[in-house]
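[1] Okay, structure incoming, though there's no sequence with it:
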């Protein structure tokens, strides 16, 4: 686990440090930079999403989704990998 | 002291990762999914129809395997949540000045099977399309087919073929993650080119779209490979019994990986 997290952190740090050097980049997603770019060129711009959260509601939605998703992943992770819990279940 | 140092080093690594995830998720994510309304309706409908049998088989597999295996429910719960989080997490790629995300479907397919991964991916994509303005309802079938079906099956078969060829398990997992990511984008390019190209221009448009993805997805695919290999190595070390019970690996392969039989709980 330590190896995995250190690998990820290293890659992220390299990315973040390098991002300080990439002045002028707009950091658009590839859907905007690639997908929507080609769609617009073909005369098929993207529609507004059916539910289009405006302002900070989208930030809130992403944070909430991340929190709930993280909680569910962590809950089952503990079920599967926590040695303490598994020993308790075995003894019970 | 040793325990204290281990917890400290974990905190040093885990806190920045957690902080990054929170920061990344609290930024509007614009990533790989095909946005709402881009595909002409006949094409959008076709991708739905093609995705349906995979979803039906996935639902059947979930019902069957939850009856057979006690840990299948927590495993599929964890895998689904991870696919959801990973596929909504924009990662900046400095060489391209853009953001994109891994898919997580390659590793998911190795662990729970490709059909079950299609169902997990469909749920993640539906929630993202409905509540996070990420992807779309009309393009859901196309997104399920690229990220769910192609992502899962390419990762699964890469892993199977490589392990049959006696490639070390963790390297096979790395290449499965890599193949899964890159082929997902190849499929997205294919779907876009089919839907958007004028007569006789398909191949040209396909090449242009696929090439435009390369600067961003090349490093993201490598990152996905490392993540898949790291997580697979963790499961292999901590719960090899899960991998054996699911038929992912054979008990004999544990010796090759240097894992003793006493660590396997049947």
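    Noted; the coordinates are in hand. From a predicted model like this one, the values you see are computed outputs, not experimental measurements.
[2] alpha carbons only for contacts and neighbour counts from here, please
    OK.
[3] In contact with residue 76, which residues?
    Answering for chain A, as no chain was given. B:74-75, B:77-78 (C-alpha atoms under 8 Å, 6 or more residues apart in numbering or on different chains).
[4] ah, no, chain B please
    B:112, B:120.
[5] and the host helix or strand of it, what's its mean pLDDT?
    Using DSSP states H and E, residue B:76 maps to helix B:72-86. Taken as a whole, helix B:72-86 has a mean pLDDT of 95.
[6] just stretch B:54-64 next, same as before
    Mean per-residue pLDDT for stretch B:54-64: 96.
[7] Which positions in it come out as buried?
    Going by neighbour count (16 or more other C-alpha atoms under 10 Å in any protein chain shown), the buried part of stretch B:54-64 is B:54-55, B:57-59, B:61-62.
[8] what subset of the contacts of residue A:76 is also close to chain A?
    Residues of the contacts of residue A:76 in contact with chain A (C-alpha under 8 Å from any C-alpha of the partner chain): B:74-75, B:77-78.
[9] Most neighbours among those, which one is it?
    With neighbours defined as other C-alpha atoms under 10 Å in any protein chain shown, the most crowded of the ones next to chain A among the contacts of residue A:76 is residue B:78; it has 25 neighbours.
[10] Surely that one and residue A:71 touch.
    No: the criterion here is C-alpha atoms under 8 Å, and residue B:78 misses it with residue A:71 at 9.6 Å.
[11] Let's see which of the buried residues of stretch B:54-64 end up in strands.
    Secondary structure from DSSP state E places none of the buried residues of stretch B:54-64 in strands.
[12] now, among these, which is nearest to chain A?
    residue B:62 (16.5 Å; C-alpha to the nearest C-alpha).
[13] what's the spacing between the closest one and residue B:82?
    Distance, residue B:62 to residue B:82, using C-alpha to C-alpha, to the nearest Å: 17 Å.
[14] same thing with residue B:226?
    15 Å.
[15] Let me know how buried residue B:166 is, in neighbour terms.
    The local packing of residue B:166 (other C-alpha under 10 Å) involves 11 other residues.
[16] any idea how far chain A is from it?
    As judged by C-alpha to the nearest C-alpha, to the nearest Å, residue B:166 and chain A stand 23 Å apart.
[17] tell me the secondary structure for that residue?
    coil (DSSP: H, G, I helix; E, B strand; the rest coil).
[18] what packs against the helix or strand residue B:156 falls within?
    Using DSSP H and E, residue B:156 sits in helix B:151-164. Using 3 or more C-alpha pairs under 8 Å, 6 or more residues apart in numbering or on different chains; DSSP states H and E, the elements in contact with helix B:151-164 are helix B:105-112, helix B:114-131, helix B:169-196.
[19] Can you tell me what sits against it?
    Around helix B:151-164, the neighbours that count as contacts under C-alpha under 8 Å, 6+ apart are B:103, B:105-110, B:113-115, B:117-118, B:169, B:172-173, B:175-181, B:183-184.
[20] distance between the ends of stretch B:239-250?
    Stretch B:239-250: ends 13 Å apart by C-alpha to C-alpha.
[21] mind listing what's buried in it?
    B:239-244, B:246, B:248-249.
[22] which among these gets closest to residue A:40?
    If you rank the buried residues of stretch B:239-250 by distance to residue A:40 using C-alpha to C-alpha, residue B:248 comes first, at 43.9 Å.
[23] Checking the closest one next. Helix, strand or coil?
    With three-state DSSP as the basis, residue B:248 sits in coil.
[24] quick one, what contacts residue B:203?
    Contacts of residue B:203 (C-alpha under 8 Å, 6+ apart): residue B:193.
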